[in-house]
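Visitor: here is the input, now give the coordinates:
(one chain, ligands or ions: 1)
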Amino acid sequence: LNARITVNPRQTIGAVNRRLFGSFVEHLGRSVYDGIYEPGHPAADADGFRTDVIELVKELGVSAIRYPGGNFVSGFRWEDSVGPVADRPRRLDLAWHSTETNEIGLHEFQTWLDKVGSELMLAVNLGTRGTLEALDLLEYANLPGGTALAERRAENGRASAFGVKMWCLGNEMDGPWQLGHRSADDYGKLAAQTARAMRSFDPDLELVVCGSSSATMPTFGEWERVVLTHTYDDVDYISCHAYYEDKGDLPSYLASGVNMDHFIDSVVATADHVKAVRGSDKTINISFDEWNIWYNTRFENVDKIQGVDNWPTAPRLLEDQYSVADAVVFGSLLIALLKHADRVTSASLAQLVNVIAPIMTEPGGPAWKQTTFFPFAATSQHAVGTALDVAVESPTYDTADYGTVPVVDAVATHDETTGAASVYLVNRSTDDEVTVTIDLAPYRRNGADVHATARTLADDDIHAANTLQQPERVQLHANDSVQRDGDTITIVLPAVSWTEILLA
Ligand code: AHR
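Guide: The predicted model follows:
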């Protein structure tokens, strides 16, 4: 098969916001406890944080991290997680049928963020709590001093404010599983009231209102319209959440990015509809603050933990093991996000460690990279500057779920300051390699020489994974098929593969 793309620095989509490479740490399973935090582990630092995990998070290149949930946040009392650790209450976590020890809270998490070099993005509980508790947390976190709450923060070890910029107004409030689940109308009113109150503290906060928890929700579309009708003037982003899995139809699964494209386009259309109706000149962007591959039916593992006398601490939940095919789809989701860089200006890979995660750990043992680590780390490192529409000309194939879709999907980025460009490509064919011709004429307008290097994720066994036993089974490999001929280069993409080309 053959395909063709053009790298043209003038064919811009939008600036690549660093926040696209965010992630998510929820108090869920072994994400925090036995994940980022394991005092007594040989690699733990003085604060109990695993330094091997810190190094991997840095290598992954994560910008902002959403915290502390997720479903967890809808039953969370933030006050439990600050102050002397010995005084913090153990609490039930109804979302995940677990015990929350509160050993790690806001202060400890910020300490960890300082070590990994990422920014905090906080979610407030609008499920079982309301505007006042959100305001209290905001004041505790962001007021420099002068009130009881700010003084309490100082007594608890942080004299200066946390300065949290980005705030999520609850989590998945459309989901019947959510503690405090509401109708779009009820949630829209509460979110608007809370947003206005938070903005009266600081008008420069960046606020995310909950969109649908997936595009398959029965209220999808209408939820966004109603919620934004209430909140349009008071928020900056609406959230999108999407998880994909292979349900036994690999060709459809490989085309998951097509679904993500449509999802984003639909939410943009709905937001712009509300904008038009209101005659507003403000544009609402998307915070795609949960996206990933997730194999578990939403509550499958949790349903195994039952009983009023059974509330484990940090149980193994949602510990999906990712294959090469999963990483290829994952890479294509990153391509979909970049293709919408003009409107998706923030995104959070859900999640980061142990729970549907690119990084896995074993208690007392090693930490390793899942297959999905590689596309994320490469894209985060190299997708810099402006996203470019590469006008893909590709053969197509038929899928049961998404109709006729292109075999090859691609996007490029261009860093105006260095002149470097990167191209991300996915070959969705299960059988055929594709030779892609890349027209670089517009990129080489000044005739400058271009050096191209490429790395590909592919394997004869598309089900291969990195495991505790074989932590380095799957890696990125140099793609040596790249050939240059004047203004064009060609590259061969193996079947079921994800590729990054760097042009410098
Ligand atoms: O990321 C796992 C869960 O998925 C989150 O807690 C929730 O927001 C979503 O349903």
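Visitor: use CA for all of it now, contacts and neighbours both
Guide: Will do.
Visitor: can you pull the residues of the stretch 301-450 of the chain lying near the ligand?
Guide: residue 350 (C-alpha under 6 Å from any ligand atom).
Visitor: ok, which stretches of the stretch 301-450 of the chain are helices?
Guide: 324-339, 373-382 (DSSP state H, counting those that start in this stretch).
Visitor: of those helices, flag the one that's most buried.
Guide: Highest mean neighbour count among these (mean count of other C-alpha atoms under 10 Å): helix 324-339, with a mean of 27.
Visitor: could the helices of the stretch 301-450 of the chain go into a markdown table alongside distance to residue 435?
Guide: Compiled in a markdown table, the helices of the stretch 301-450 of the chain are given as follows (distance: least, C-alpha to C-alpha, whole Å):
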| stretch | distance to residue 435 |
| --- | --- |
| helix 324-339 | 17 |
| helix 373-382 | 21 |
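Visitor: quick one: those helices as TSV, columns for mean pLDDT too.
Guide: Written out in TSV, the entries for the helices of the stretch 301-450 of the chain read as follows (pLDDT from 0 to 100):
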stretch	mean pLDDT
helix 324-339	98
helix 373-382	98
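Visitor: how many neighbours does residue 165 have?
Guide: 15 (other C-alpha atoms under 10 Å).
Visitor: look at the closest residue to it other than its chain neighbours and say how many residues are nearby.
Guide: Once flanking residues are discounted, residue 165 sits nearest to residue 205: 5.2 Å by C-alpha to C-alpha, 6 or more residues apart in numbering. The number of residues packed near residue 205 is 18, by other C-alpha under 10 Å.
Visitor: likewise residue 483?
Guide: Count around residue 483 with other C-alpha under 10 Å applied: 14.
Visitor: bridging residues for it?
Guide: residue 490 (DSSP bridges).
Visitor: can you pull the contacts of the residue lying closest to residue 1 once chain neighbours are set aside?
Guide: Nearest residue to residue 1, sequence neighbours excluded (C-alpha to C-alpha, 6+ apart): residue 434, at 4.7 Å. Counting by C-alpha atoms under 8 Å, 6 or more residues apart in numbering, residue 434 makes contact with 1, 2, 3, 427, 492, 493, 494, 495.
Visitor: of those residues, which belong to helices?
Guide: Among the contacts of residue 434, no member falls in helices (DSSP state H).
Visitor: out of these, which is most surrounded?
Guide: Counting by other C-alpha under 10 Å, top hit in those: residue 427 with 30 neighbours.
Visitor: ok, it - contacts?
Guide: Per C-alpha under 8 Å, 6+ apart, neighbours of residue 427: 407, 408, 409, 433, 434, 493, 494, 495, 496, 497, 498.
Visitor: tell me the pLDDT of it.
Guide: With respect to pLDDT, residue 427 has a value of 98.
Visitor: quick check: longest helix of this protein.
Guide: Max-length helix for the chain by DSSP H is helix 256-278.
Visitor: buried set for that one?
Guide: Within helix 256-278, the residues scored as buried using 16 or more other C-alpha atoms under 10 Å are 256-261, 263-264, 266-268, 270-272, 274-275.
Visitor: residues of stretch 122-135 that come out buried?
Guide: Result for stretch 122-135 [16+ other C-alpha under 10 Å]: buried residues 122, 123, 124, 125, 126, 127, 129, 130, 131, 133, 134, 135.
Visitor: nearest to the ligand, out of those residues: which one, please.
Guide: residue 123 (10.7 Å; C-alpha to the nearest ligand atom).
Visitor: for the closest residue to residue 425 other than its chain neighbours, give me its contacts.
Guide: Nearest residue to residue 425, sequence neighbours excluded (C-alpha to C-alpha, 6+ apart): residue 410, at 4.4 Å. Listed by C-alpha under 8 Å, 6+ apart, the contact partners of residue 410 are 335, 390, 392, 423, 424, 425, 426.
Visitor: now for the second one: which residues touch it?
Guide: If you count contacts by C-alpha under 8 Å, 6+ apart, residue 390 has them with 5, 6, 7, 8, 11, 410, 411, 412.
Visitor: tell me the confidence at the last one?
Guide: The reference is to residue 412. Residue 412 is assigned a predicted lDDT (pLDDT) of 98.
Visitor: that one contacts residue 438, correct?
Guide: No. Here residue 412 lies out of contact with residue 438, judged by C-alpha atoms under 8 Å, at a distance of 11.1 Å.
Visitor: which residues do the two both contact?
Guide: What both residue 412 and residue 438 touch, as defined by C-alpha under 8 Å, 6+ apart, is the set residue 7.
Visitor: okay, those two: which has more neighbours?
Guide: Higher neighbour count among residue 412 and residue 438: residue 412, with 30 against 20, using other C-alpha under 10 Å.
Visitor: find the nearest non-adjacent residue to that one, please.
Guide: Leaving aside its sequence neighbours, residue 412 sits nearest to residue 423 (C-alpha to C-alpha, 6+ apart; 4.2 Å).
Visitor: how about the strands in the stretch 101-250 of the chain?
Guide: 119-124, 166-169, 206-209, 237-244 (DSSP state E, counting those that start in this stretch).
Visitor: state the distance from residue 345 to residue 21.
Guide: Distance of residue 345 to residue 21, given as C-alpha to C-alpha, to the nearest Å: 10 Å.
Visitor: so which of the two has more stuff around it?
Guide: Neighbour count, other C-alpha under 10 Å: between residue 345 and residue 21, residue 21 has more, with 26 against 22.
Visitor: distance-wise, check the residue in the stretch 301-450 of the chain that the ligand sits nearest to relative to residue 173.
Guide: Residue of the stretch 301-450 of the chain nearest the ligand, by C-alpha to the nearest ligand atom: residue 350 (5.3 Å). For residue 350, the distance to residue 173 equals 17 Å [C-alpha to C-alpha].
Visitor: circling back to that earlier point, including distance to residue 328, could the contacts of residue 390 go into CSV?
Guide: Listed next are the contacts of residue 390 as CSV, based on distance: C-alpha to C-alpha, whole Å:
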residue, distance to residue 328
5, 19
6, 22
7, 22
8, 25
11, 25
410, 12
411, 15
412, 17
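Visitor: quick one on the thing from earlier: okay, the angle between the longest helix of the chain and helix 324-339?
Guide: 30 degrees (axes from the mean of the first three to the mean of the last three C-alpha atoms, to 10 degrees).
Visitor: quick check: residues of the stretch 151-300 of the chain near the ligand?
Guide: Going by C-alpha under 6 Å from any ligand atom, the residues of the stretch 151-300 of the chain near the ligand are 171, 172.
Visitor: which residues of the stretch 151-300 of the chain score low on pLDDT?
Guide: 296-300 (pLDDT under 70).
Visitor: what residues are up against the residue in the chain positioned nearest to the ligand?
Guide: Residue nearest to the ligand within the chain: residue 70 (3.4 Å; C-alpha to the nearest ligand atom). When contacts are counted by C-alpha under 8 Å, 6+ apart, residue 70 is found next to 26, 171, 172.
Visitor: please apply the same query to residue 151.
Guide: 145, 159 are the contacts of residue 151 under C-alpha under 8 Å, 6+ apart.
Visitor: and stretch 448-464, what's buried?
Guide: 450, 453, 454, 455, 456, 457, 458, 459, 462, 464.
Visitor: whoops, stretch 382-396 was the one
Guide: Under 16+ other C-alpha under 10 Å, the buried positions of stretch 382-396 are 382-390, 392-395.
Visitor: just stretch 151-170 next, same as before
Guide: Those would be 151, 152, 153, 154, 161, 162, 166, 167, 168, 169, 170, for stretch 151-170 by 16+ other C-alpha under 10 Å.
Visitor: re the thing from before, just put the strands of the stretch 101-250 of the chain in CSV and tack on distance to residue 139.
Guide: CSV is the format used below for these (distance: least, C-alpha to C-alpha, whole Å):
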stretch, distance to residue 139
strand 119-124, 13
strand 166-169, 13
strand 206-209, 15
strand 237-244, 22
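Visitor: thought residue 104 was touching residue 80?
Guide: No. Between residue 104 and residue 80 there is no contact under C-alpha under 8 Å: 10.1 Å.
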